[in-house]
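Trainee: quick one: sequence plus predicted model below, questions after.
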Amino acid sequence: MDASDFLFVCLMSTLPGPPSISVNDAILQLYPIDKHKCHKIDPIRDIAFQLYTVHNPLMAQNLIIGDDKLLSESYFNFSQPTVIYFHAFFESSNVGSPVTLRTAYLQRGGYNLILLNAPRLEAGPWYLTAARNTQVVGEYTAKLIDYLVSRGMSLPSLHLIGLSLGAQMAGVCGQSVKSGRVVRITGLDPAGPLFKKWPKSLKLDSSDAEFVDVIHSDAGIFGYPTSVGHVDFWPNRGISPQPGCTKPEVKRTNPDNIVALLFCSHWRSYQFYAESVLNDQGFVSVPCDSWQEYLDGECRSYYPVSNMGFNVDINAKGNYYLRTAAQSPYSLE
């Protein structure tokens, strides 16, 4: 790309647009914003960090890297643990999984919850651009973490969580933090398309944090097909269709929602996790070598079980299996 092309791309990314619409809560955009071609980040429109606490459960407070005034005037509590959530393709912080996770964590209380908001960079139908942008978003979020650590945040109290493309962002973020090693990353059905062939530096793997736990729910379609964490959970074998996600079931509950039909199984990962925040003794899972051995009752009973999700056993290793219900509450315990 020559200088004139670079300037044109940067100019387009600074315009008020691109025009977008929301269809069944999916953000669709007229043209993509490729931050690999223009690295300048607008800290509000491109990648924003929105803080929610029990003191501001409905109205976000923006945090900007290097802005001490915003931080000091916010409700950020340095004595409490912090969760950063990375949303998925098609999403923003105001729809879908971020709203569900926000509700769960604020009901539980005691957390600084920071929702990433990057709908311009993760809008449909531009999946290739959105996937490429995960590197930019992850690296930029690492700078926020380093800034917060420099101001007194405890890095060991930080937990990164991401859905789909957001899980891949969390992986890039974890490996890019310079102030220390992230303790935990949770990947919710990490995105599969393109990423299987991409290098480890561009996706989530067990080297990105001291402990990486993964929930698979649509493996081989929208989700990554193989194990990537220290521990990988495979509810209902981890594939589509998840219970409640067959075509007749989705049409019965969401008759006009094509997005829900496409992503029902993919979304189960965040729905399971959100429920686990409020039911931390649920989703009991068993270590096993395969789903068939789990069905046959041949799992290694001498190995300890683990809860999937919020209250995972950080000593768990390998593949764990479980069944869930077809509708909320999903945990069978």
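Mentor: Received it, and whenever you're ready, just let me know what you need.
Trainee: any regions of the stretch 151-300 of the chain where pLDDT drops low?
Mentor: For the stretch 151-300 of the chain, not a single residue meets the criterion pLDDT under 70.
Trainee: that one: strands as residue ranges?
Mentor: When secondary structure is read from DSSP state E, counting those that start in this stretch, the stretch 151-300 of the chain shows strands at 158-163, 184-188, 211-215, 231-235, 284-287.
Trainee: CSV for these, including distance to Gln271 and mean neighbour count?
Mentor: Backbone N, C-alpha and C define where each C-beta goes, glycine included. Rendered in CSV, the data for the strands of the stretch 151-300 of the chain read as follows (distance: least, Cβ to Cβ, whole Å; neighbours: other Cβ atoms under 10 Å):
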stretch, distance to Gln271, mean neighbour count
strand 158-163, 10, 28
strand 184-188, 9, 28
strand 211-215, 10, 26
strand 231-235, 11, 25
strand 284-287, 16, 19
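Trainee: dump those strands to JSON lines, plus distance to Val23.
Mentor: Output for those, formatted as JSON lines (distance: least, Cβ to Cβ, whole Å):
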{"stretch": "strand 158-163", "distance to Val23": "19"}
{"stretch": "strand 184-188", "distance to Val23": "22"}
{"stretch": "strand 211-215", "distance to Val23": "26"}
{"stretch": "strand 231-235", "distance to Val23": "28"}
{"stretch": "strand 284-287", "distance to Val23": "35"}
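Trainee: which of these sits closest to Thr100?
Mentor: Distances from Thr100 to each of these were compared by Cβ to Cβ, and the smallest falls on strand 158-163, at 9.9 Å.
Trainee: packing partners of that closest one?
Mentor: Based on contacts counted as 3 or more Cβ pairs under 8 Å, 6 or more residues apart in numbering; DSSP states H and E, the elements that strand 158-163 packs against are strand 82-86, helix 165-176, strand 184-188, helix 258-278.
Trainee: rerun that using 7 Å as the cut-off
Mentor: The helices and strands touching strand 158-163, judged by 3 or more Cβ pairs under 7 Å, 6 or more residues apart in numbering; DSSP states H and E, are strand 82-86, helix 165-176, strand 184-188.
Trainee: quick one: the longest one to chain centroid distance?
Mentor: On the basis of Cα atoms, centre = their mean, to the nearest Å, helix 165-176 is displaced by 9 Å from the centre of the chain it belongs to.
Trainee: grab the nearest non-local neighbour of Tyr321.
Mentor: In space, not counting the residues next to it along the chain, Tyr321 is nearest to Tyr294; the distance is 4.0 Å by Cβ to Cβ, 6 or more residues apart in numbering.
Trainee: and the helices in the chain?
Mentor: Ranges of helices within the chain are 3-14, 68-73, 97-108, 127-150, 165-176, 247-253, 258-278, 291-295, based on DSSP state H.
Trainee: now the third one: average pLDDT?
Mentor: For helix 97-108, the mean per-residue pLDDT is 98.
Trainee: ok, residues contacting it?
Mentor: Residues outside helix 97-108 that contact it (Cβ atoms under 7 Å, 6 or more residues apart in numbering): 52, 54, 57, 83, 85, 87-88, 91, 111, 113, 115, 163, 270-271, 274, 277-278.
Trainee: same check, this time on the last one
Mentor: The set of residues that contact helix 291-295 without belonging to it, under Cβ under 7 Å, 6+ apart, is 234, 237, 286, 288, 299, 321.
Trainee: for Ala88, grab the count of nearby residues.
Mentor: Burial of Ala88, expressed as a neighbour count using other Cβ atoms under 10 Å, amounts to 27.
Trainee: no no, Gln327
Mentor: Number of residues near Gln327 (other Cβ under 10 Å) recorded here: 11.
Trainee: TSV for the contacts of helix 291-295, including distance to Tyr105?
Mentor: TSV is the format used below for the contacts of helix 291-295 (distance: Cβ to Cβ, whole Å):
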residue	distance to Tyr105
Trp234	25
Arg237	28
Val286	27
Cys288	30
Cys299	32
Tyr321	27
